[in-house]
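>>> could you look at this predicted model? Sequence included:
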Amino acid sequence: DEDAMVIDAVQKFAAFKVGCLVCVDDKGHLSGVISERDYITKIALLGRKSSETKVKEIATMSSKLITANVDETVEACMEKMLSSDIRHLPLVNDTGDLEGMISIKDLVKTTVMEKDETIKVLTNFALGKGGHFGSD
């Protein structure tokens, strides 16, 4: 809830062991994101009180929000995150409704798994295993 106090978001970061939460407006639509980085740079470092500051005052709101469509590739999502220096990316469907959230950690894990599979396939090929050689 974008009208919640920042302290509520911080408590959810800790409770759910996440670094970012989506914000929704009074109709339940995605309106922004708030991250641990927002808390550190806009509350802690400035001496503001998280119990007296609304989430929407420090969150990245929809006018500046970067999202990805659920159909976008891992590479496209990673490029968006790296070029914008963000660590979390809301995933939306074709109508703009929130489907989920991915982190740079999620993308790195997926990329490593894909590379490991490629290495396995190439190693097996080089050793004459699997594929058209008829043995596994």
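Thanks, I have it.
>>> could I get the full set of strands for this protein?
All strands of the chain, identified by DSSP state E, fall at 20-24, 30-35, 60-61, 68-69, 88-92, 98-103.
>>> return the most buried member of the ones you listed.
Looking across the strands of the chain with neighbours counted as mean count of other CB atoms under 10 Å, the highest average goes to strand 30-35: a mean of 22. (Glycine included, C-beta is placed from N, CA and C.)
>>> how far off strand 98-103 does it point, in degrees?
20 degrees (axes from the mean of the first three to the mean of the last three CA atoms, to 10 degrees).
>>> start the count at 33, not 1, going forward
Sure thing, new numbering starts at 33, so read that last one as strand 62-67.
>>> quick one, strand 62-67 and strand 120-124 angle?
160 degrees.
>>> alpha carbons of strand 62-67, as PDB, please.
Extracted in PDB, the C-alpha atoms of strand 62-67 (Å, rounded to 0.1, in the frame of the first residue of the first chain):
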ATOM      1  CA  LEU A  62       0.800  -1.400  -9.400                       C
ATOM      2  CA  SER A  63       1.900   2.100  -8.600                       C
ATOM      3  CA  GLY A  64       5.600   1.700  -7.800                       C
ATOM      4  CA  VAL A  65       8.300  -0.200  -5.900                       C
ATOM      5  CA  ILE A  66      10.100   0.500  -2.600                       C
ATOM      6  CA  SER A  67      13.500  -1.100  -2.000                       C
END
